[in-house]
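Q: here is the input, now give the coordinates:
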Amino acid sequence: MSIPESIKVHKPTAFGACEIRAIGGYYYVYPVTSKWDAAKGRSQKKTLKSVGKITEADGFIPNANGMRRMQEMRITPDVAPIVKNYGAYETLMQLSPYLSDQLQKFFPDVFREIRTLSLIRLVEGVPAKLLKPVFMDSCLSDICPDIATSEGSVRRFIAELGQKQPTIEAFMREAIMPGTSLLFDGSSFFARLGDSLSTKGYNPDHSQDPQVRILYIFDKDTHKPVFYKVLQGSVVDKAAFIDILNDSGITDCIIIADKGFYSKPNVSALLAAGARYILPLQENTVNVEEEFYLNTDDNKFDGVFSYKSRSIFFHKKKSGVNGNWIYTFRDNIRRDTLQGRFVEKAEKQYGEEGYKPMDVLKKIRMGYFSFCSNIDTDPKEIYLAYKERWHIEECFDYLKNTVIPGASYAHSDDYFRGWAFLNHISLLYFYGLINALRSTNLNEKYTAVDVMKLTRNIYKVDSGDGQGFRVSAIQKKTKAILDTLGVDLLRKN
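A: Numbering: from 1, shown residues only. The predicted structure is shown next:
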């Protein structure tokens, strides 16, 4: 198939000798070279990987391989193309356009800096000392070219941002809608002992390393984080619960918390705020009598329902004079799993620490779990409402493994508060992507991290031909995902 002249005129010269091939109605560019073939006594042509495609409308459009080769050629700045990371940043901004408006409303002087630093933290995960080169290689440097991104400038900005805590809290409070259901959870992350708020404290792994606690509130329906509070590592969630309740201004909401939040003072605070709540009780709670566990007759339960092909037995009883109810459930499959683990451990340690396999029979509370709630409803509704908490695990995994490590060298409380708010904005962008995947059912095949990896290979390129920036070639699979999400990377901004 002959190549039209309208395509040939766009053949790039930066890669040396190239040839254009027509494949499936598209025109692709392949660099070619030669290698001496001693057996044949002559040079043999060798075709290299494609560097992009050509269209009449846009000319040459480099792909990811072309981008890498162009970046390598930056040693000749007079002729080298300008390449900017683009796809992931633009995707995140298009999926959460409201964030720029909200930031501008509360932080009119610095909203561009907050947006820029939060996006870079999310996409690249780099600390302050590496931020400037990443910023210069991104499309964000074209959107906000005047932002100072040296390490010293960034650290000063973060500390100054941390001094705006009242404004930060006002920004977050606006996201809490009356009448919604809110999920509370806390998590530890490890830091250097010299860092602000870092102390030795309790965590589920029982590690005594220096740590900081972060207490988060999520909207149950959108799964987005709406409010947070950073705590010293030695402060437990139960003690900080009333503080975050007051700071967030929660009224007329349903509070669904994790284990460790239940206490009489916390229940009183929730009642005073007019909130409804579902609070898990500890395994050793006195709100369920020992006799209930000792009774092995299933008739002690009020009924049973199914959840993911599991039988869940339930019992509901009134508690106290404040309208509280105690909901108790038993999951037989979970009970059998826990008992099996205990027997396995007992067999291994028998004779060493005195465990005996038959001691498992004394673990009468295995598979049981109870809640205190002032909501008088079908027990299944309480159970399903609590199960919604699993949707926020993805957020904490990403928070702890990707975003949080940048807290190093936070020697002042102001810096730590500013750093925490940037992480919060990063998570809002992240959840904008998560919710877009869920609403289009793409979450059945792709995670938010998958999409970010795919779009990171999409660039904006200025080849120096006077036509300005063009978007690099987008793989067919990635294009299909973006189309489903409603993201248009070719639109004129």
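Q: remind me which helix or strand the closest residue to Ala128 other than its chain neighbours belongs to.
A: The shortest distance from Ala128 to any residue that is not its chain neighbour, by C-beta to C-beta, 6 or more residues apart in numbering, is 4.4 Å, and that residue is Val154. To be clear about C-beta, it is placed using only N, CA and C from the backbone, and glycine gets the same treatment. Element membership for Val154, per DSSP states H and E: helix 151-162.
Q: tell me what that helix is packed against?
A: Taking 3 or more C-beta pairs under 8 Å, 6 or more residues apart in numbering; DSSP states H and E as the contact definition, the neighbouring helices and strands of helix 151-162 are helix 111-123, helix 131-136, helix 413-439.
Q: recalculate using a threshold of 7 Å.
A: Using 3 or more C-beta pairs under 7 Å, 6 or more residues apart in numbering; DSSP states H and E as the contact criterion, the neighbours of helix 151-162 among helices and strands are helix 413-439.
Q: next SSE downstream of the helix it packs on?
A: Counting by DSSP H and E, the next helix or strand C-terminal to helix 413-439 is helix 448-455.
Q: tilt between that next one and helix 111-123?
A: If you take axes from the mean of the first three to the mean of the last three C-alpha atoms, to 10 degrees, helix 448-455 sits at 100 degrees to helix 111-123.
Q: buried set for helix 448-455?
A: Of the residues in helix 448-455, those with enough neighbours to count as buried (16 or more other C-beta atoms under 10 Å) are 448, 451-452, 454-455.
Q: for the helix or strand that the helix holding Val154 is followed by, output the C-alpha coordinates as PDB.
A: Next helix or strand after helix 151-162 toward the C-terminus (DSSP H and E): helix 165-173. Extracted as PDB, the C-alpha positions of helix 165-173 are listed here (Å, rounded to 0.1, in the frame of the first residue of the first chain):
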ATOM      1  CA  GLN A 165      -6.000  25.100  60.300                       C
ATOM      2  CA  PRO A 166      -9.300  26.900  60.800                       C
ATOM      3  CA  THR A 167      -9.600  27.400  57.100                       C
ATOM      4  CA  ILE A 168      -8.600  23.800  56.400                       C
ATOM      5  CA  GLU A 169     -11.300  22.600  58.800                       C
ATOM      6  CA  ALA A 170     -13.900  24.900  57.200                       C
ATOM      7  CA  PHE A 171     -13.000  23.500  53.800                       C
ATOM      8  CA  MET A 172     -13.600  19.900  55.100                       C
ATOM      9  CA  ARG A 173     -16.800  20.700  57.000                       C
END
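Q: what lies in contact with helix 165-173?
A: Contacts to helix 165-173, defined as C-beta atoms under 7 Å, 6 or more residues apart in numbering, come from residues 102, 106-107, 226-227, 247-249, 417, 421.
Q: and which of those is nearest Val304?
A: Comparing the contacts of helix 165-173 against Val304 with C-beta to C-beta places Val226 closest, at 35.2 Å.
Q: low pLDDT regions in the chain?
A: Under the criterion pLDDT under 70, the flagged ranges of the chain are 1, 73-81, 186-211, 232-240, 349-364, 390-411, 463-467, 492-493.
Q: the longest strand in it is where?
A: When the chain is parsed with DSSP state E, its longest strand is strand 26-37.
Q: and what about Glu344, helix, strand or coil?
A: Using DSSP: H, G, I helix; E, B strand; the rest coil as the criterion, the local structure at Glu344 reads helix.
Q: what is the burial count for it?
A: Around Glu344 there are 12 other residues, counting by other C-beta atoms under 10 Å.
Q: now Gln44: how far from Thr33?
A: As for Gln44, its distance to Thr33 is 10 Å (criterion: C-beta to C-beta, to the nearest Å).
Q: identify the residues contacting the nearest residue to Asn287 once chain neighbours are set aside.
A: Residue nearest to Asn287 in three dimensions, not counting chain neighbours: Ile326, with 5.1 Å by C-beta to C-beta, 6+ apart. Ile326 makes contact with 287-288, 317, 319, 370, 372, according to C-beta under 7 Å, 6+ apart.
Q: reformat these into TSV and put distance to Pro62 next to each item.
A: Rendered in TSV, the data for those read as follows (distance: C-beta to C-beta, whole Å):
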residue	distance to Pro62
Asn287	65
Val288	65
Lys317	68
Ser319	67
Ser370	60
Cys372	60
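Q: how about those residues in JSON lines, adding neighbour count?
A: Shown next, in JSON lines, are the contacts of Ile326 (neighbours: other C-beta atoms under 10 Å):
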{"residue": "Asn287", "neighbour count": "16"}
{"residue": "Val288", "neighbour count": "20"}
{"residue": "Lys317", "neighbour count": "14"}
{"residue": "Ser319", "neighbour count": "15"}
{"residue": "Ser370", "neighbour count": "21"}
{"residue": "Cys372", "neighbour count": "19"}
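Q: let me have those residues in JSON lines, extended by secondary structure.
A: Shown next, in JSON lines, are the contacts of Ile326 (three-state DSSP):
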{"residue": "Asn287", "secondary structure": "coil"}
{"residue": "Val288", "secondary structure": "coil"}
{"residue": "Lys317", "secondary structure": "strand"}
{"residue": "Ser319", "secondary structure": "strand"}
{"residue": "Ser370", "secondary structure": "strand"}
{"residue": "Cys372", "secondary structure": "strand"}
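Q: quick check, nearest of these to Ser118?
A: Relative to Ser118, the closest of the contacts of Ile326 is Cys372; by C-beta to C-beta it sits at 37.3 Å.
Q: show me the contacts of helix 165-173 that map onto helices.
A: By the criterion of DSSP state H, membership of the contacts of helix 165-173 in helices covers 102, 106, 247-248, 417, 421.
Q: pull out the buried residues from those.
A: 102, 106, 247-248, 417, 421.
Q: can you classify Lys46 as helix, strand or coil?
A: Following three-state DSSP, we place Lys46 in the strand state.
Q: pretty sure it contacts Asp37?
A: No: the pair Lys46 and Asp37 fails to qualify as a contact (C-beta atoms under 7 Å) at a distance of 10.1 Å.
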